[in-house]
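J.: generate coordinates for the sequence data below:
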Amino acid sequence: MCGGEGTRLRPLTFERPKPCIPIVNRPSIQHLVSHLSNMGFREVVMTLGYMGKDIEEALGDGSLFGVDIKYVHEKTKLGTAGSVRNAKKYLDGQDFLVVGGDHVTDLNVLEFYRTHQKEKAIATIGLISIDDPSEYGIAEIDVSYEIQRFKEKPSPGEIFSNLASTGMYVCSPEIFDHIPAGKKFDFARDLFPHLMQEKIPLKGWLARGNWTDVGSPHSLRQSDRWKLQDIAITDIIGDLSMHGAHVQGPVQLGDSITLGKNTRVIGPVAIGSGTTIGNNVLIGPYTSIGEKCIIRNNAKIFSSSLYNRVIIGGNTSISGSIIDNDTHIGEGCSIENDTVIGPRVVLRDHVVVHSKTRLWPEVVIGDNTIVKEHVLNDKFDLRCEGS
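T.: The predicted model follows:
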C-alpha cells in the first residue's frame, strides 16, 4: 500500500512519495521489496496514490528484485482496506500479505503468512511490543492469539496493551465480503471493529525483530541505522582517492570518491559516488552521504543522512540530522540533533539550527542566525501533520 502523502515527513515528501525517501542511498521501497523477495514472495501488487509514478520508476516490473509487480492506481483516496479492495482482481482466491509501502523491517513475514494459513482466520494482524503505542492500533490477545480487543490510537487510560499493530496483515479472500467497493474504508478504523462486532475471529501474530513505519524523522533515522548495521564489510565500488585518510569499516563507498588528508571515516557509513571530502573531516558511525556531495575541511558529521549534491562548509558540525538534495550549508554552522532540512536550502555562515527544527525547501538563512523554530516557505503547503 503506497497511497499516503507523507505530510508528517515534510519537507522530505514535497517532491517524492514517502516510499521513495532514501535509506542508505536507496529508495526505502527497494529495501522492502528486496526483503519480501528474500522471504520467498514473488508476486507483488502495489496500490498507488500520491506520486505513484515515482514508485513505478524506482521498482520497474520488479525483475531486478526477483519479483513480478502489478500496479493499481487510485483515482480517489480509498483508505487502507479500500485500496486493497481496489486490487481484488489480483488477490482473489488466495491468502495474501498486506504491507505498508513505508515499512522498513526484517521480520520473518513468511512465518507470519504460514501461521495465518494454519489458523484459518479471516485475518491475522502482525503485532509488536513497543514502548509508546499511542500512535498505533493496539490489541489484546488471549493464549490462543485470538484478538479480544482492538483500539486505534488510544488515549491515556485506554492503553490496555503495548502490542501495537504493525499495519501488516495476512488476509483470506473472504475478507472482501466485508470491504465495500469504491468507498473509503480502513483496516484499523473500520474493518476490524466491524469484524469484531460481527463476532468473526481475528488472530494476532507476535513479531520478533525490527519494524517501523517511516512516519517521522526519528523513525526514518532509526531505519537508516538498521540498514547501515547490515553493512558487514568494507566495500569499495570503483575508484577511491585517499590522501592520508583513515577508514575504519564497515564502510560502503561508491565510485570516484575523494578523502582528504587526516580525514577519518568510522563505520558503519555509506558514501555515494562522486562525493569529495576535504581534510581533517570526521565522519562518525551511522552516517549515510549521497552522491556528488562536497564536505569541506574540518567538518564533523555524526549519525546523519545527507542526500545528493549537498555541500557542507568548513568547520561545520552536523549531528543526527537529515539534509535533502542540493542544500548548501556554510562555514562554522552547527546543525543540532533531529533537524530536517529540505531541498535547495541555503544556510550562510555561522548559523545554529536548534534540535527538532524543520526548514522548508528553498529557504535562505542569513549569517550568524540562530534558528529556534520551523522555517516555512509559503510556496509549499505548510502542514506537517497527518498521514
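J.: per-residue pLDDT of Pro154, please?
T.: Pro154 is assigned a predicted lDDT (pLDDT) of 83.
J.: also Glu385?
T.: pLDDT at Glu385 comes out at 68.
J.: contact partners for the nearest residue to Leu228 once chain neighbours are set aside?
T.: Ranked by Cβ to Cβ, 6 or more residues apart in numbering and with sequence neighbours excluded, the top spatial neighbour of Leu228 is Pro268, at 4.1 Å. C-beta: built from backbone N, CA, C; applies to glycine. Pro268 is in contact with Leu228, Gln229, Ile231, Gly249, Pro250, Val251, Pro285, Tyr286, counting by Cβ atoms under 8 Å, 6 or more residues apart in numbering.
J.: on the pLDDT front, check the second one for me.
T.: Just to be clear, that refers to Gln229. Per-residue pLDDT puts Gln229 at 93.
J.: ok, and the closest non-adjacent residue to it?
T.: Pro268 (6.0 Å).
J.: then the fourth one?
T.: Once its chain neighbours are removed from consideration, Gly249 has its nearest residue in Thr234; the separation is 3.5 Å (Cβ to Cβ, 6+ apart).
J.: so what's the residue count around that neighbour?
T.: 16 (other Cβ atoms under 10 Å).
J.: longest strand of this protein?
T.: Longest strand in the chain by number of residues, with DSSP state E as the criterion: strand 163-171.
J.: got the CA coordinates for it in PDB?
T.: The C-alpha trace of strand 163-171 is given here as PDB (Å, rounded to 0.1, in the frame of the first residue of the first chain):
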ATOM      1  CA  LEU A 163       1.000  -4.700  21.500                       C
ATOM      2  CA  ALA A 164       0.900  -2.400  18.500                       C
ATOM      3  CA  SER A 165      -0.400  -3.300  15.100                       C
ATOM      4  CA  THR A 166       2.400  -3.200  12.600                       C
ATOM      5  CA  GLY A 167      -0.100  -2.400   9.800                       C
ATOM      6  CA  MET A 168       0.900  -5.800   8.300                       C
ATOM      7  CA  TYR A 169      -1.900  -8.300   7.800                       C
ATOM      8  CA  VAL A 170      -2.400 -11.700   6.300                       C
ATOM      9  CA  CYS A 171      -6.000 -12.000   4.900                       C
END
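J.: now it, how far from the centre of its chain.
T.: In this view, strand 163-171 has its centroid 17 Å away from the chain centroid, taken as Cα atoms, centre = their mean, to the nearest Å.
J.: packing partners of that strand?
T.: strand 96-98, strand 103-105, helix 109-119, strand 123-129, strand 137-141, strand 203-206, strand 211-213 (3 or more Cβ pairs under 8 Å, 6 or more residues apart in numbering; DSSP states H and E).
J.: I'd like the ones you listed written out as CSV, with mean pLDDT added.
T.: Shown next, in CSV, are the helices and strands packed on strand 163-171 (pLDDT from 0 to 100):
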stretch, mean pLDDT
strand 96-98, 96
strand 103-105, 93
helix 109-119, 94
strand 123-129, 94
strand 137-141, 88
strand 203-206, 95
strand 211-213, 88
